[in-house]
Structures are given as C-alpha cells and as structure tokens.
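**Q** The following block contains a protein sequence and its predicted model.
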Amino acid sequence: MSLLHAFGMLLVLLTAALTLGGIVAALVAIPKHRLGAALAIFGALAAWDALHLGVVGCVSAREPARTLAPGQAKRFCGFYLDCHLGAAVMARQRPAEIAGKKAQGTWEVVTVEISSNARAATLEPYGLQAMLVDSSGKRFTRDSGAERAWQGAHGEPASFEQPVAPHGAYRKDLVFDVPADARGLALDIRERGLPDDVLEWLLPGDDDSFMHKPVLLELPLPWGG
C-alpha cells in the first residue's frame, strides 16, 4: 500500500467519523433548543467536507492521464478499500465475422483478466462496466448480441462477474463493434455501485476519485481471428 493510499484511507475514515459524530451531536442539541450549537456543528462539518474535497481535487488534478500497458492491472478498491481485485487486458482479436455476421465497422474482441491478490478471501467484482475509447474520446459500448454469439461458439461463461479465489483469476472476452477508422483504442473499465462509488470518489489518489483523469487499459496488437 502506498503512502498516499494510506493517507487517503485515514482521511476517509476520519471524515466519516466526524460526520457521524457531528450529526449525532447536532440532533442531540436541537431538542434542547441549542440551535446555535447545532448550526455551528453543521457549519464545521461543511467546512471539513469542503477541505476534504479540496484535498482530493488537488491530489487528483496533479495526477497525469495514464494508460496501462497490456497485462498491467487496474485495481478496484471497493468498500473495504483493500484494492485486491484488478482488471487487465490480455489479448485482442479482430475476427472478420462472428456467428456469420459482419460488423458495421470492425469487430474488436478484447480479452480481459479479472484477478485477485487477496491472501485468503474469495472475492467477486460487481457492477463492472467496460467501454472502448478512441483517441478523440468517443466511447463504444459492448455489443451484447455478438458477445453472446461469441460466448456460445467458444464455450465461455456468460457472466462478466465471477468469484475469484485468493491469488486466482479468470478471463472474459468482451465484444465491440467500432468504426473501421477508429484509432488509439483503449479500454475503460470500472466497478460501479454503492457505497463503493462514494468512498472511491472521496479517496485521494484513487483512479475513480473526484477530478481524477480516467485510467485506461491499452490494447495490444490484434492477432488473427
């Protein structure tokens, strides 16, 4: 764990503790007609939360845009801020057809590996979202019909989200139909869902924190279909 990540975890925990304690104290003060004290508590909490967001914004704004090389994992921190799960691009194919169907542009089949470096616990990602992004910032979603056909032809499991044993991994092929002239494609993959989104948004240095530039996964050169 990096020093920045450790500091971020402490900051998030401190903010959570102060917010919870402040709300309880204000709710106790209001029935006792101590409105001034309650307003002071809410004001202090607002100032602290603004300071927290300022720290997150400053740290995130300093982070350069990054594109991770094939095989290099982007980590998902999750509710417990453990960052054990990760996703990496392992391969790329451009088949001419999928189940006899041609793409409107070009088929891009991207093999993603979901891995875990946990020591003991079996973990499972949830809310995984993946899109291809070209050099101009245009985004392309998965083609669900072509992906199901590809899975059937290759005997792949349908689910993108599967349990991962300690130090284990599994792979999943994602299918996209992108314009033939798309350049500089990279994969943007994220884990979405509450309360993880809120925690990661408030965690300085996290890939999904406030004002952080997207961390993309570079696609390798395609191999035959």
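**A** Yep, it's here. Since the structure is predicted, the reported quantities are computational estimates derived from the model, not experimental observations.
**Q** So which residue is dead centre in the protein?
**A** The centroid of the chain falls nearest to residue 190 when counting by C-alpha atoms, centre = their mean (2.7 Å).
**Q** is residue 85 in a bridge, and if so with what?
**A** Beta-bridge partners for residue 85, by DSSP bridges, are residue 76, residue 116.
**Q** Which parts of the chain are helices?
**A** Using DSSP state H, the helices of the chain run over 3-29, 35-62, 144-154, 196-201.
**Q** Please compute how far the second one lies from its chain's middle.
**A** Counting by C-alpha atoms, centre = their mean, to the nearest Å, helix 35-62 is centred 25 Å from the centre of its parent chain.
**Q** Quick check: the residue nearest to the centre of the chain vs residue 217, distance?
**A** Remark: distance between residue 190 and residue 217 (C-beta to C-beta, to the nearest Å) = 11 Å. Every C-beta, even on glycine, is put in place using the N, C-alpha and C of the backbone.
**Q** My guess is residue 218 contacts residue 71. True?
**A** No: the criterion here is C-beta atoms under 8 Å, and residue 218 misses it with residue 71 at 9.6 Å.
**Q** quick one, which of those two is more surrounded?
**A** residue 218 (17 against 13; other C-beta atoms under 10 Å).
**Q** The more buried one: what's its closest spatial neighbour, skipping adjacent residues?
**A** residue 67 (5.0 Å; C-beta to C-beta, 6 or more residues apart in numbering).
**Q** Spit out the contact partners of that neighbour.
**A** 186, 215-218 (C-beta atoms under 8 Å, 6 or more residues apart in numbering).
**Q** Turn the residues you listed into TSV, including pLDDT and distance to residue 150.
**A** Below are these laid out as TSV (pLDDT from 0 to 100; distance: C-beta to C-beta, whole Å):
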residue	pLDDT	distance to residue 150
186	97	21
215	89	26
216	95	23
217	97	19
218	97	22
